[in-house]
Each structure stands twice: as structure tokens, then as C-alpha cells.
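Enquirer: A predicted structure for the sequence below; I have some questions about it.
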Amino acid sequence: MGSRKIFVTVLFFQLLSSVACISRSDFPSSFLFGTATSSYQIEGAYLEGNKSLSNWDVFSHLPGTIKDGKNGDIADDHYHRYMEDIKLMHDLGVNSYRFSISWSRVLPRGRFGDVNAVGIEYYNRLINALLLRGIQPFVTLNHFDIPQELEDRYGSWLSPQIREDFGHFAEVCFKEFGDRVKFWITFNEPNMFVEQAYKLGKYPPAHCSQPYGNCSTGDSETEPYVAAHNIILSHATAVDIYRKAYQVKQGGSIGIVASSKWYEPLTNSTADRLAVERALAVEAPWILDPILLGDYPPQMLEILGSRLPTFTIEEKKLLLNKLDFIGINHYASNYVKDCMFSSCDSDGYDRDALLVTTGYKDGQLIGDLTALPTFYAVPRGMEKMVLYIMERYDNKPMYITENGYAQETEGASTDELINDTERIKFISSYLTYLSSAISKGADVRGYFFWSLIDNFEWAFGYTIRFGLIHVDFQTQKRTPKLSAKWYKKFLSSEKLQLKTKYLRHEV
Ligand code: BGC
């Protein structure tokens with residue numbers, strides 16, 4: 001063994017003993033522990049099996065859209081290597097897996113064409129192989145990718161027509177897979193998605209206007225809110241279909257996932273504390289309040305006025321309580337400074353919410369830097385976010401559907417990427433705060449680490465890595481990172497402890 005290897009091994013076991021004060025048995029035994037991915041980020045095979053082009057296929061081929069000029073044509077080649085990836089999951093010891101279905105693989109032309117039998121067959125094979133290994137499929141219907149035809153025909157999320165299309169897509173999936181899939185997510189992070197797609201122009205269809213961004217078309221002031229409105233109503237349409245025709249027979253549950261940063265006031269001033277309320281409103285409450293509390297959050301109604309579409313009485317009825325669980329993607333925390341009473345320059349939602357977010361207070365960072373700007377790692381933010389959601393929504397069942405650590409690839413050797421001690425620190429400390437929230441009564445029922453494998457990180461291409469498993473994108477070779485070993489060890493700790501107890505009992 002080389003001295004570097006010895007050093008890393010020693011460090012790994014030191015880390016296990018120093019930070020792994022958290023164990024599987026700190027969570028309920030029925031708790032789902034999994035990993036997460038999404039179709040466009042891992043599948044590849046973008047022209048195979050009668051699949052049509054998705055909005056991301058088209059967008060990522062346009063010059064200047066992706067940081068490294070790459071795309072998801074091959075990505076992790078998971079479409080062909082899913083058995084190998086399931087084996088890796090099985091080795092980790094997870095009992096669930098969150099993945100998404102590519103709409104353009106299942107319905108290449110949306111409701112304007114037929115169901116694609118090859119696409120259905122692919123997901124059937126994937127689902128069956130997972131179940132055979134005791135891994136629960138936790139399925140997202142939409143994780144940013146849609147058939148391009150829906151964009152070209154009627155402008156996708158900007159048109160109410162999308163509700164019918166999404167309802168049709170959801171129903172095909174319930175019908176084909178619902179006998180085995182017991183957990184459905186309609187949408188992944190509509191709040192984050194519409195900011196990138198319709199305010200900043202960084203995701204397809206790349207709409208925006210000045211001063212938010214520089215695009216050839218769009219209106220950053222209103223379009224994000226219209227798109228989210230149609231997404232929320234599409235969600236309600238799908239849940240309505242599920243509840244009326246499938247849920248009783250199939251016995252599953254359905255929810256939606258919101259992206260949820262945590263915010264702390266920059267100072268103790270009332271203005272900064274109110275700004276935190278506004279910052280939080282455009283996170284999960286934007287999506288969840290209309291479903292669980294009857295309308296958009298008061299802060300959004302107040303600051304956006306007529307820029308925010310309104311729900312009709314029928315729509316409010318359709319929306320009410322249309323979810324069985326809340327999915328939360330939580331990665332980071334930021335400070336918030338008010339801009340309502342003092343002038344400052346801000347971007348994105350911050351500009352709309354009259355505030356500015358930052359990672360620094362008096363020159364000190366709120367948490368550890370990661371490879372994604374604004375993704376400051378602040379483990380205690382996990383507990384605060386979970387308790388906030390618990391209180392706001394009367395302790396509705398919750399799943400942490402994503403949490404993960406962004407690793408910079410620039411200047412990093414493969415060895416360094418694989419020996420990801422920072423990621424171990426990240427997971428173990430976030431899980432510690434999650435378990436603390438559960439001990440305070442939060443009904444959290446699962447945790448999915450983002451991500452199973454390094455993959456296509458949207459506008460960042462392959463320049464940032466989130467995986468527990470390292471992928472060499474030239475050869476597609478998978479190598480479990482140190483963090484994968486940590487997760488495996490963590491997941492088996494209950495078994496280890498049980499075994500010890502059992503042995504003692506025997507003695
Ligand atoms: C998304 C993932 C993404 C991850 C890391 C989430 O916003 O759901 O698709 O890869 O964050 O940026």
C-alpha cells in the first residue's frame with residue numbers, strides 16, 4: 001500500500017469515528033434511505049428507442065448554453081447500464097431510489113401521439129430490477145425535461161394547455177407502472193426551475209428580460225409566475241386523476257418537491273427579519289401554500305400584486321389538499337438583507353422580493369463553500385428548514401428528496417475526487433440535524449442523497465460532481481467514492497448494532 005493510500009485510509013476511519021456519531025438506528029426503522037437522479041442527467045441514449053427530442057436535448061446543443069459545451073446525449077449511459085447502477089445501489093444498502101421518467105421516451109409527442117412501447121418497456125425493466133433487489137422506486141414524473149414538441153406547439157409551461165398534456169402523461173404512468181410504484185412525485189422544484197427557465201434564461205426555453213438577463217425573448221417580471229401557476233395546476237390535475245382512478249386500487253401516495261434553501265437575517269433588525277419571511281415565501285411556500293393553505297403566500301401576494309396569476313374558485317377547490325406528502329430538496333443556507341427600506345442591487349427572485357442574499361456576515365461565511373455559488377453548506381439549516389415546514393403545514397409527511405455536496409472538478413485529480421472527505425462531513429452533519437428535527441416531532445419519512453452517480457449538472461455540464469459514485473465520462477467506469485463507503489457503513493450500522501446486541505444476548 002502506497003503512503004498516500006495509507007494516509008487516506010487512516011483519514012477515512014478517523015472520519016468515521018469523528019463524524020459518524022449518527023447511525024441508521026437514529027432514524028425510524030421504516031425510514032426510506034435512498035439516492036436520487038433524474039432522467040436527462042443520467043440516461044443518455046437521447047435518440048434511442050423511439051424517444052423524441054426533449055427541450056434539454058435541443059437546448060444543450062445550442063452553442064454557449066452549457067459551461068463546458070457538453071450535453072446529455074450519453075451522460076452516464078444509464079439507459080444501457082441501469083443493471084450495473086442498480087447493483088451499485090444494492091451494494092450501498094439503500095432501500096429506495098428516486099429517479100425520473102423521461103416524458104419524451106414515454107410519450108414522444110405528448111398527447112398528440114401514441115404511447116411509446118419501447119419507453120414503457122425500459123421503465124418496466126428498471127422498476128422490476130429495483131424491486132427484485134428490495135429497492136422501492138420513488139418516481140418523479142417531471143424533472144425539467146419535456147418533449148420539445150410541446151414547447152414548439154404552444155409554449156409549454158406558459159400555456160394552460162400543458163395541464164391536459166401533463167395529466168395525460170401522468171395517467172399513462174399510473175396505468176403502466178402504478179401496480180409497482182408506490183411513491184409518485186409530480187414535479188421537481190418548480191420554484192427553482194421557473195427562475196432558471198423564465199427569469200434568468202439559463203434553462204430551456206431560455207426566456208428572460210433586462211435587467212434579469214439577456215435573452216431574445218421573455219418577460220422575467222411575469223413569466224416565471226405564469227409558468228409556476230400552470231405547473232401547480234398541472235400537479236393538481238395529475239393528483240386528481242390519481243385519486244379518482246388509481247390510488248385506492250394501487251395503494252400509493254403522491255406529492256410534489258420544492259427546492260428549499262434556509263435563510264438567516266443578516267442583522268437582528270425587523271427589516272431583515274421580514275426580508276427572511278419574503279425570501280422563504282418564494283421557496284417551498286410558493287408551491288405548497290396554494291395546495292395546503294388555499295392561496296399563494298401573503299408575502300408574494302403583497303409584493304407581486306397583479307404579476308401573480310390568481311386561482312379561480314374551481315381551481316382552488318381542485319388544488320385543496322392535493323398531496324399526500326411534501327418533498328423537500330435542501331442543500332444550503334444564506335443570509336438575507338432587506339432592500340425594501342434601503343436600496344441595494346439584486347438579481348433573480350431576490351430583486352422581486354426586495355432583498356439581497358449573501359453567504360457573508362462581517363466577512364465570515366455562513367458555512368462551508370461548495371462548488372456551486374450560493375450553495376453554502378450549513379448543516380443546522382436542515383433542522384431549521386424541516387421544523388419550519390413541519391409547523392407551517394401541520395406536520396404533513398415529508399421526505400428529503402435531495403441533499404448533496406457539489407464538488408469542483410477544475411484542477412482536481414481523479415484520486416482527489418474519489419477521496420471526498422468533504423462530502424462525508426456534509427452528509428453526516430446534515431443527517432445529524434435531520435435526526436434532531438425528527439426527534440422534535442417532524443414526520444420525516446425518508447432521505448435521498450443527491451446523487452447516486454456523477455452526472456450532467458444542467459448549465460454546468462460535467463464541471464461539477466455530486467455523485468457518491470465517481471464516473472469517468474470517457475470510459476463510463478464507475479468507482480465508489482469514500483462517501484459511498486461511508487453511506488454504506490452508515491446504512492448497515494443498525495444491522496451491526498443489532499448483531500452486537502444479539503451476540504451479547506447469546507453470551
Ligand atoms: C436538482 C438537481 C440538481 C441538483 C444540484 C436540484 O436543484 O433537482 O437536478 O442536479 O439540485 O444542483
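Expert: Thanks, I have the structure now.
Enquirer: tell me the pLDDT of residue 506.
Expert: With respect to pLDDT, residue 506 scores 29.
Enquirer: how many residues are close by the residue in the stretch 1-150 of the chain that the ligand sits nearest to?
Expert: With C-beta to the nearest ligand atom as the measure, residue 38 is the residue of the stretch 1-150 of the chain nearest to the ligand, at 5.1 Å. (C-beta placed from N, C-alpha, C; glycine too.) In terms of burial, residue 38 registers 25 neighbours under the definition other C-beta atoms under 10 Å.
Enquirer: isn't it right next to residue 141, touching?
Expert: No: in this structure residue 38 lies outside contact range of residue 141 using C-beta atoms under 8 Å: 11.1 Å.
Enquirer: give the residues shared as contacts by the two.
Expert: Each of residue 100 lies in contact with both residue 38 and residue 141 under the rule C-beta atoms under 8 Å, 6 or more residues apart in numbering.
Enquirer: you'd agree residue 352 is up against residue 303?
Expert: Yes: Residue 352 sits in contact with residue 303 when judged by C-beta under 8 Å, with a separation of 6.7 Å.
Enquirer: how about the residues of the stretch 251-400 of the chain that lie near the ligand?
Expert: Contacts of the stretch 251-400 of the chain with the ligand, taken as C-beta under 6 Å from any ligand atom, map to 259, 329.
Enquirer: whoops, I mixed them up, the stretch 401-507 of the chain
Expert: With C-beta under 6 Å from any ligand atom as the criterion, the stretch 401-507 of the chain meets the ligand at residues 402, 450, 457, 466.
Enquirer: ok, 8 Å please
Expert: Within the stretch 401-507 of the chain, the positions lying close to the ligand (C-beta under 8 Å from any ligand atom) are 402, 404, 406, 450-451, 455, 457-458, 460, 464, 466.
Enquirer: in the stretch 101-250 of the chain, which spans are helices?
Expert: 103-106, 117-132, 148-154, 161-177, 190-194, 223-241, 247-250 (DSSP state H, counting those that start in this stretch).
Enquirer: nearest to residue 310, out of the ones you listed?
Expert: With distances scored as C-beta to C-beta, the stretch of these nearest to residue 310 is helix 223-241 (8.8 Å).
Enquirer: okay, buried residues for that closest one please.
Expert: Neighbour-count burial for helix 223-241, with 16 or more other C-beta atoms under 10 Å as criterion, is recorded at 223-239, 241.
Enquirer: low pLDDT regions in the protein?
Expert: 1-20, 494-507 (pLDDT under 70).
Enquirer: need the contact list for residue 319.
Expert: If a contact means C-beta under 8 Å, 6+ apart, then residue 319 has 232-233, 236, 290-291, 311 as its contacts.
Enquirer: please apply the same query to residue 201.
Expert: For residue 201, the residues meeting the contact criterion (C-beta under 8 Å, 6+ apart) are 207-208, 212-215, 218, 220.
Enquirer: would you reformat the residues you listed as a markdown table and include distance to residue 249?
Expert: Below are the contacts of residue 201 laid out as a markdown table (distance: C-beta to C-beta, whole Å):
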| residue | distance to residue 249 |
| --- | --- |
| 207 | 40 |
| 208 | 44 |
| 212 | 46 |
| 213 | 46 |
| 214 | 50 |
| 215 | 45 |
| 218 | 43 |
| 220 | 44 |
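Enquirer: any of those residues buried? List them.
Expert: By neighbour count, with 16+ other C-beta under 10 Å, those hold 207-208, 212-213, 215, 218, 220 as buried.
Enquirer: in JSON lines, list the residues you listed along with distance to the ligand.
Expert: Formatted as JSON lines, the entries for the buried ones among the contacts of residue 201 read as follows, by distance: C-beta to the nearest ligand atom, whole Å:
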{"residue": "207", "distance to the ligand": "19"}
{"residue": "208", "distance to the ligand": "19"}
{"residue": "212", "distance to the ligand": "19"}
{"residue": "213", "distance to the ligand": "18"}
{"residue": "215", "distance to the ligand": "21"}
{"residue": "218", "distance to the ligand": "21"}
{"residue": "220", "distance to the ligand": "19"}
